[in-house]
Structures are given as C-alpha cells and as structure tokens.
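Engineer: Fold the following, please.
(one chain, ligands or ions: 1)
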Amino acid sequence: MTTAANLAAPRSLRVNGLPNPLGIDASTRRLSWLLPWDRAGATPSAVRVVLAADRDHLTKGPWLLDSGKCPAAQSESDIAFTERREHASRRRVWWQVMAWDEADRPSCWSEPAFYEMGLLSADDWHSPWIAAPGVPLPLLRCAFVLDGPVADILRARLYISGLGLYQAWLNGQQVGETARAPDYTDYWKRIAYATHTVETDLLEGENVLGIALGYGWFERFAYGDSMARCQLEIDYRDGTRQLLGAKAQRWQAAPGPWRSADPYRGESYDARLERPGWNRPGYAGAEDWGPVSIAHSAPDGAMCGLVCEPIRVTETLPPVASREIRPGVHVVDFGQNLTGWARLSVEGHLGTQVRMRFAEVCAEDGSVFQASMRGAECTDRYVLRGEGPEIWEPSFTHRGFRYVQVEGFPALPAVWSVEGRAAHTDMPRRGHFACSDERLNRLHRAIDWTIRDNTMSVTTDCPQRDERQGWLGDGHLIAETLLHHFDGTAFHRKWLRDIRETQDEAGNRWGACAPPWYSCGRRRKPHRYRQQADLVWTAAGTLIPWENYLHHGDRAALDESAPAILAHTRYLAGRPDFPLIDAVDIGDHLFVGWGKEKDPTDYLLLGSAFALEQTRIAGRVAELRGDRTGARECEVWTEAYRQALAVRFYDNATGGFGSQTADALALQFDFSPDRGRTLAHLVADIEARGGHLATGIVGTRYLLEALSANGRFDVAWRVVTAEGYPGWMEMLKNGATTITERWSYWDNWEMNSHNHPALGSVGAWLFRWLAGIRLDPDAPGYRHFHIAPELPDGLDWAEAELQTVRGRVASRWERDGESVRLRVTVPAGATATVQWPGESASSPRRLECGTHDLKRPLLDMQAILDMGVDDADSRKQK
Ligand code: BGC
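Structural biologist: Predicted coordinates for the structure are as follows:
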C-alpha cells in the first residue's frame, strides 16, 4: 500500500493519551499520533485511520472502522470516536494511521498499535472481594493447575485490585511495574483495577498467585479490613475459559512480614517473618495457612479500568551527605525534597531493627524535624533476617522528605546504606526550560520536583504531613504549569472524573477535595469541607478541563466534563445571591500577612470573580458543542457578574479593587471598568512594597500574567526576581529544593509544608514570557501559537520546548553582540506568529513547520521598546 518514496509514518500512537493501553473502560477513545515531518511548510491535509479486530486484518480488512481519507482540518493529530457496540468487554482493537501532506503525498502506515477494553460490566466480575479474618495485613495465595497445556493458551489476563494497596506475584514474578496500586479514588464511587497479560508467566503443573495487602488510603479514611479482588482468565484455543478467583475457598491466608503499612504512619517490616517461596509453586509451608472469606463490607464503587499512567519509581537518588549526629544515629541528606521512600541495603545480625525517620528539614541539633508532619509519623522500621546482605524498600507507604535519620537497635550494623526512591504518577515529560539566570533555573527545577512530588493519582496539596489530599484549589492553580512540564492528558482525565463525582445532581460542587477527604471514624464520615462549596476551590471542575483542552486540544476529555461545567454554571446563575456569589470560606489562602491580618481580598469579590470566569469558559464550551442557547445564556450571566463586580468593588478614587489579588483578577477575568487605572493601581502597590507581591496562592496564579499581558512585563520580572521576603528568590535563598506552602520559610511549623505546588504557578510564566511560547486559545493544542519572548536586562538567553500533540514546539533567544538571535521550531500542522518585544501586533511574522533562525539588531529593539512601552494594548496577548 505504500512505497519507499512515501513520507515518514506517524509515530507515538496513543489512546486516551496512553501507549497500547490494556483494560480501558472509557466509552470514548481518542486516538492520537505525531507526524515526524520537519520539512519547511509540512502540513497534513488528510488522514486515514483503520481499526481491526486482528492485527492481520489491518492491511486488507475486514476493518471495524475505516475513516477513509478524511480532511485533516480538525483531526490532523487525533480522532475521537465512541464505539457503538454494547458489549465490548475484553476486546482488543488494533489500529493504524497514515496521513497526506499539503501536496497530497501519502505517508507510510504507522506501526500497528492497539488498545484493549477491560471488564466493562459488573457482570464480568465473577470473583468477589476477599479478606483474611483476623489478619489485617495478610499474604493471600492461590495454587492452581492449568486445565490445558501452556501451548494451547490463546489469551490470559489477570484483573486485579486491592484495598487499600496491593502487590501481586504470579509464580514468584512480580506482576506489573507499578509501585503503588490501585490509584486513589473515592472507593464508594469507583475502584481501579489493573489488567495484566500473563500468557508467558503460566507454567505446566502447579501455578501460584500471591497477593500482599497494605492499608493505603482505605484503612485511614474508611477503616475497613484490607481486601483483594482478583480474576485470572485463561482462554484456550478450543474456546474454553478457565476462571480463577471466583471461589474464596481456593485462597489461603497467613500473616506476612508487614506489621504496619500505612501512608502516614509508615511501614514496619520484620524480615524474620518472611515466608520464603510462599508465592511460588512447590511451597511446603502452606499447612498453617488459614481460610479466606468473602469481604461483605467491600465498598460498592464500580470497578474501573486503566485511566492514567501508574505510579512508578522514576528516579533513584544517592545521598549527597551523611552525618552521625549521635552515636549510632545518622542523618542522610538526599539534597532534594522528594516524594517516595528510602531503599535500605544492610548486613547485620538477626533481629537488628533499623529505624528510618523522614523529614523535610532538620532541627538545630541536626536531627530530623518531624513536627511539621503533624499526625504523620513518617517512620519505617526494618528487622533484619541476618543472613547476609539484605535490600529492603517499603511497598505500601510514601512521604515527602529530604532527610532520613537512620537508627539501629541496639546499634546500627556496620554495613548499611540508603538511596532515595522518587515515585509519582508517571506522566510523560513535556517541557524543558533553561535560561542564563541560574536562580530561575533553580526555581524551574524546584517547581518540576514539586509537581512530581504532588502527583499521586491526584494533584495533592503536599506529600508529607497528615493531609496529602486532592485539594481542588491547589490543583487548578498549578494546572497550567503542570501542563508545561508534563503531559497531563490521561492524569487529568482521571482526576476530573474524581472531581465530577463530587458534584451533586443540582450541579453544585460541594467538595473542596476530590476524592472527598474522609476523616477519622469507622464509618464513612466526610471531612468538614464536604458540606462547603468554596467556589474558588471547586472552580477546578471548570478550569482544569479548559486548561487541558487549550494545551492538548483534547475535545473528548472536555466533552466528558462539559455537562458538569454547564450544570454548575446554571446552578450559580440560579442562586438567590446571583450575581454576587457568597460561597468562599478559604479566600486568598496564605496571602502575605495570613493569620495575622484580615484577608485584603473580599470573599464576595473572589466568589463572584470565579463565577464569572467559570461562566465565561462555560460559554466557550457551549459554543464548541454547538449549543447556541447555552452560549448566549452564559454571555448574559458573564456580563451580569462583570457589571456587579465593577459596581460593587471598583474604587473610583484609586482605580483598584482593594488588593493585588483583586486587581490581578479584575484584569485577568476582565471586570475592571478602567483597565489602565487598575493596572496602575496594581503596579503602584507593588512598587510601594519595593517590588514585592502580597498575594496568596490564588492571586499569585494570576498576578504575573495580569502584569505581563497588560504591558508591564518589567514589573512582573521585578516581582519574580525580587530578593528578600516575600518571593521566590527568598525561598531559594533559604535552600528550598521544592516550592514551599508559605512565603515565610520558618513560620508556624503546624502548617508550613516545604513541598506545596500552589505557589509554583510562576512556572508557566517562565515558559510564556521568558521563552515566549504562548498558546493561542482560539487554536488549541498548539495548532497556532505565539512566540513573543521578553528580553529583560541581565538575561543573556532563554529557551524552552514543549512536546505538544503536534510535535515539538521550541523557542530559544540569545544575545549576540549587538543583535538577538531567535530560533523557533514549529511542528507539522502548526503555525506560529513571532513578535519581538515592543513590536506592533499588526506586523508579526508567521512561521510554518520547520526550524527558523531569526535575527534582529538589539538597538532597533531598544528603540522600539523606548517608544512603545506605554502602548499596552499593542502587546496584549492572552
Ligand atoms: C492545604 C491547602 C489547601 C487548604 C484549604 C490546607 O491545609 O494544605 O493547600 O488548599 O488546606 O484551605
């Protein structure tokens, strides 16, 4: 079908953002790919996608779906479809894609890719939840013999989950490469399971399935016994199916080496209690294993298949320093605040206990300072087998830490070492940023680590103290920056489902955390925030899907959230207090002076401003869906919020709205009756504070953009690089390797995490204004984007790149004597508009696919800057 002269084939084929996913259950599949064409002007003009039930059918059919040669206007890099078949459980679908360029030249076909559906209906699950009565952290084993020879096996799948966390082995081999499973969800709504292909792991004769259970979030918030659900399906060539897991009696249970295993407290593991060979065939010690029973108290959430990348260990860090602070007590520094655990290598006597206590900072005496963890003990204990070198790492706990204090009882063995294991939801890396100012590179790295450290099935507020929850405010405030660092396609899709599940039928969002934060108690008892609807926090349900759409152009994901977005907008417009919405109780959290002074940002303003922004976005969503009436309604409501905010909060005397945060929101959400005066008011306030911000986590997200997009990049630059309190340079000066919760580094240890994503929202600004890569909201997924870097004094060069859905977008500028060089990379199917600083928006340069080297004399630009610095409108970009 193709010839040697054909263009390079599409590559990086993905389904819902994942390569060859197994066990998915989304009704809409989004197939996407990259076109590796870098020839100048290369643009796809058409694509063809074929889907088949068998790999061999891809070339000649029969096909399940053949898109035919369809114009690439809307789908040059993806196609989304909803399958009609009612019952598609377990179905594997193969697919391939090819494309044509602007001169109608065809590409080669891509390599075949596939996706496989999971168990879509509750009836597909024949295996019950099982638990071991009286054994809180059991080992479970099931020995079985195959019904037929291995050679006759056509397909074998293991569907498995465990609450709170599990690890599984088949014939002694660990199943899957996931570090922590299942994903954290509201177990009364959904429980994630994993699908594994195990054809090649099955043996003639005896086989053994083994599962170890840890508490995870489940025990902490729901207080149930740990339990597992496991279904092994073996299909033979003669059409018969062997099913394992359906009968609890086939399983046996015994206490394992885990004495405790919980995300907050930590893990206690006694290697003397290991049962060598328990998860392999030929195990002789099964006589004293007890029965397993059906867990009737299992939460009734629907089983759900793979939605996002699993949590994996992505980096192993060696210590950078170690100090013996007291005899036998060593504090090891990894030089980096990370989320995960330590891997211990040790050799010593039987029964020696090594204790590892974790913390982000050290006290004055050099010991780990754990008070900031509040109720989280963050301590692991390992008791040695004493039979030579031992390597151990926990299986069911994690925490944020930089230091580990290693202590031995009665004394540390002579031979020991530790390594830091960093783990998180393994989203593909997307962005790179660097510049000539090392302070900003450090800031970028700290943000990057903070995002990784706080992506554990959801965006968490922090990874160390007794919270670690999916706080929605933190999540949407960091979403734009996260999407510059990582590909959040699948991860956000997972979390948005959690978020939608907190919405009630009336369209109100009544949780500030997703999954809801269940607090102490043996029954399902919601955290107090569950009753509250802090609009700024719950805005995540609208802001994240929209941000995601702008970055990835993923309509399928937006469509999943659209009904909830529109219902929520209607709910807001129907409130008795509309258009001034009184639904805020957190405010501009951690503004400068928090805890000592009253929040200078009015809560009514905050609620109404976020209602406005959500309604404006809802209008865009309605428009995209062809819902003209909905779009019109949203326009009317948006205008009502705008008017009400201006009338109620605009101060005619000053042109401001009462605080830096309020001014920034007025500019960004567009409710100031006089933008020029509001901008001047904001700038004056910053200047009066010596170039420092005063914003909390909400205002900070909008402040820099409000300044830069309105012609005062110079002030934003000053704020970002300001030395001293409050600001990011102060954070770095204090030694932060991740972003801190508060502007103050040492204040209030009850609530001063050193690994909190929210204030990292400055990260997107580095990409957008220093490297100058700015997406065009009217051409999502970087179909069109702007390259418009600013060149602040003192910066010699800056560069960034993003792996977008269309391919690599890159920008690098560098001073070169009297000139500035700019190199821009535009992927196939995209265009970029280049605008030099100060240049009028009416004379931009349009670039197509390829890498472009541009050069401008520096003096010219300076002249333009000198002339045009007040012309804010000409430089305004969204
Ligand atoms: C969290 C925050 C969160 C807040 C809500 C805190 O304890 O750590 O980041 O958004 O609660 O007030």
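
Engineer: Next, the buried residues of stretch 776-783.
Structural biologist: Buried residues in stretch 776-783, counted by 16 or more other CB atoms under 10 Å: 776, 780-783. All C-beta spots, glycine's among them, are computed from the backbone N, C-alpha and C.

Engineer: what comes into contact with that stretch?
Structural biologist: Identification of contacts with stretch 776-783 by CB atoms under 8 Å, 6 or more residues apart in numbering yields 77, 549-554, 775, 784-786, 802, 804-806, 809, 827, 829-831, 878.

Engineer: end to end, how far does that stretch reach?
Structural biologist: 8 Å (CA to CA, to the nearest Å).

Engineer: Low-confidence stretches in the stretch 301-450 of the chain?
Structural biologist: In the predicted model, the stretch 301-450 of the chain carries no residue with pLDDT under 70.

Engineer: Let me know the secondary structure of Ala446.
Structural biologist: What DSSP: H, G, I helix; E, B strand; the rest coil gives for Ala446 is helix.

Engineer: secondary structure class for the residue of the stretch 551-700 of the chain found nearest the ligand?
Structural biologist: Closest residue of the stretch 551-700 of the chain to the ligand, CB to the nearest ligand atom: Ile586 (4.3 Å). Here Ile586 is coil, with the state taken from three-state DSSP.

Engineer: Can you report phi and psi for it?
Structural biologist: phi -100, psi -40 (degrees, to the nearest 10).

Engineer: pretty sure it is in contact with Thr538, am I right?
Structural biologist: No - look at Ile586 against Thr538 with CB atoms under 8 Å: they stay out of range, at 10.7 Å.

Engineer: tell me, how many neighbours does Trp251 end up with?
Structural biologist: Using other CB atoms under 10 Å, Trp251 is surrounded by 24 other residues.

Engineer: now do Ala622
Structural biologist: 22.

Engineer: Now do the same for it: helix, strand or coil?
Structural biologist: With three-state DSSP as the criterion, Ala622 reads helix.

Engineer: what's near enough to touch the nearest residue to it once chain neighbours are set aside?
Structural biologist: Spatially, and ignoring its direct neighbours in sequence, Ala622 is nearest to Gly630 (3.4 Å; CB to CB, 6 or more residues apart in numbering). For Gly630, the contact set (CB under 8 Å, 6+ apart) comprises 566, 618-619, 622.

Engineer: Glu723 now?
Structural biologist: 729-730, 733.

Engineer: Just name the closest of those to the ligand, please.
Structural biologist: Nearest member of these to the ligand, counting by CB to the nearest ligand atom, is Glu730, at 19.6 Å.

Engineer: for the helix or strand containing that closest one, what is the average pLDDT?
Structural biologist: Using DSSP states H and E, the element containing Glu730 is helix 728-733. Mean per-residue pLDDT for helix 728-733: 97.

Engineer: Buried residues of that helix, list them for me.
Structural biologist: 728-732.

Engineer: Now the element after that helix, going C-ward?
Structural biologist: helix 762-765.

Engineer: which secondary structure elements does the helix or strand following that following helix contact?
Structural biologist: Downstream of helix 762-765, the first helix or strand assigned by DSSP H and E is strand 773-775. Strand 773-775 makes packing contacts with strand 784-787, strand 807-816 when contacts are defined by 3 or more CB pairs under 8 Å, 6 or more residues apart in numbering; DSSP states H and E.

Engineer: starting at the chain centroid, how far to the last one?
Structural biologist: Relative to the centre of its chain, strand 807-816 is centred 26 Å away, using CA atoms, centre = their mean, to the nearest Å.

Engineer: I'd like to know which elements that strand is packed against.
Structural biologist: Looks like strand 807-816 contacts strand 773-775, strand 797-804, strand 819-826 (3+ CB pairs under 8 Å, 6+ apart).

Engineer: same check, this time on the first one
Structural biologist: Secondary structure elements in contact with strand 784-787, counted by 3+ CB pairs under 8 Å, 6+ apart, are strand 773-775, strand 831-834.

Engineer: Please repeat the previous calculation with a cut-off of 10 Å.
Structural biologist: strand 773-775, strand 807-816, strand 819-826, strand 831-834, strand 845-847 (3 or more CB pairs under 10 Å, 6 or more residues apart in numbering; DSSP states H and E).

Engineer: Sheet-wise, list the partners of the fourth one with their directions.
Structural biologist: Based on DSSP bridges, the pairing partners of strand 831-834 within the sheet are strand 784-787 (parallel), strand 845-847 (antiparallel).

Engineer: what's the neighbour count on Cys462?
Structural biologist: Residues near Cys462, counting by other CB under 10 Å: 31.

Engineer: just for the stretch 51-200 of the chain, where's the confidence low?
Structural biologist: Those would be 73-87, if you go by pLDDT under 70 across the stretch 51-200 of the chain.

Engineer: For it, list the residues in contact with the ligand, please.
Structural biologist: When proximity is defined by CB under 6 Å from any ligand atom, the stretch 51-200 of the chain lies next to the ligand nowhere.

Engineer: Run through the strands of the stretch 51-200 of the chain in chain order.
Structural biologist: Under the criterion DSSP state E, counting those that start in this stretch, the stretch 51-200 of the chain contains strands at 65-66, 70-71, 78-82, 92-101, 113-117, 130-131, 138-145, 153-163, 165-170, 173-174, 190-192, 194-197.

Engineer: picking that back up, look up the pLDDT of the residue nearest to Ala622 for me, please.
Structural biologist: For Gly630, pLDDT reads 96.

Engineer: Determine the three-state secondary structure at it.
Structural biologist: Strictly by three-state DSSP, Gly630 counts as helix.

Engineer: Would you tell me which residues of the protein are close to the ligand?
Structural biologist: Residues of the chain lying near the ligand (CB under 6 Å from any ligand atom): 461-462, 467, 471, 473-474, 586, 589, 756.

Engineer: Apply 5 Å and report the result again.
Structural biologist: 461, 471, 473-474, 586 (CB under 5 Å from any ligand atom).

Engineer: would you list the residues you listed in JSON lines and tack on pLDDT?
Structural biologist: What follows is the residues of the chain next to the ligand, written out as JSON lines (pLDDT from 0 to 100):
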{"residue": "Asp461", "pLDDT": "96"}
{"residue": "Trp471", "pLDDT": "94"}
{"residue": "Gly473", "pLDDT": "96"}
{"residue": "Asp474", "pLDDT": "97"}
{"residue": "Ile586", "pLDDT": "92"}
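
Engineer: burial measure for His296, as a count.
Structural biologist: 8.

Engineer: Could you check how far it is from the ligand?
Structural biologist: To the ligand, His296 is 35 Å away according to CB to the nearest ligand atom, to the nearest Å.

Engineer: For Gly400, which residues count as its bridge partners?
Structural biologist: Beta-bridge partners, per DSSP bridges, of Gly400: Thr339.

Engineer: Quick check, it in contact with Thr460.
Structural biologist: Yes - in this structure, Gly400 is within contact of Thr460 by CB atoms under 10 Å, at 9.2 Å.

Engineer: So for the two, which sits in the more crowded spot?
Structural biologist: Taking neighbours as other CB under 10 Å, Gly400 and Thr460 compare with Gly400 leading, 29 against 26.

Engineer: which residues sit in contact with that one?
Structural biologist: Contacts for Gly400 (CB atoms under 10 Å, 6 or more residues apart in numbering) come out as 337-340, 358-360, 373, 376, 378, 449-450, 453-454, 460, 462-465, 468, 738, 753-756.

Engineer: and what of Val354?
Structural biologist: 344, 346, 348, 380-384, 390, 392, 406-409, 412-413, 416, 418 are the contacts of Val354 under CB under 10 Å, 6+ apart.

Engineer: Emit the ChimeraX select command for whichever of the residues you listed are buried.
Structural biologist: Filtering the contacts of Val354 down to the buried ones (16+ other CB under 10 Å) takes a single ChimeraX command:
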select :344,346,348,380,381,382,383,384,390,392,406,407,408,412,416,418
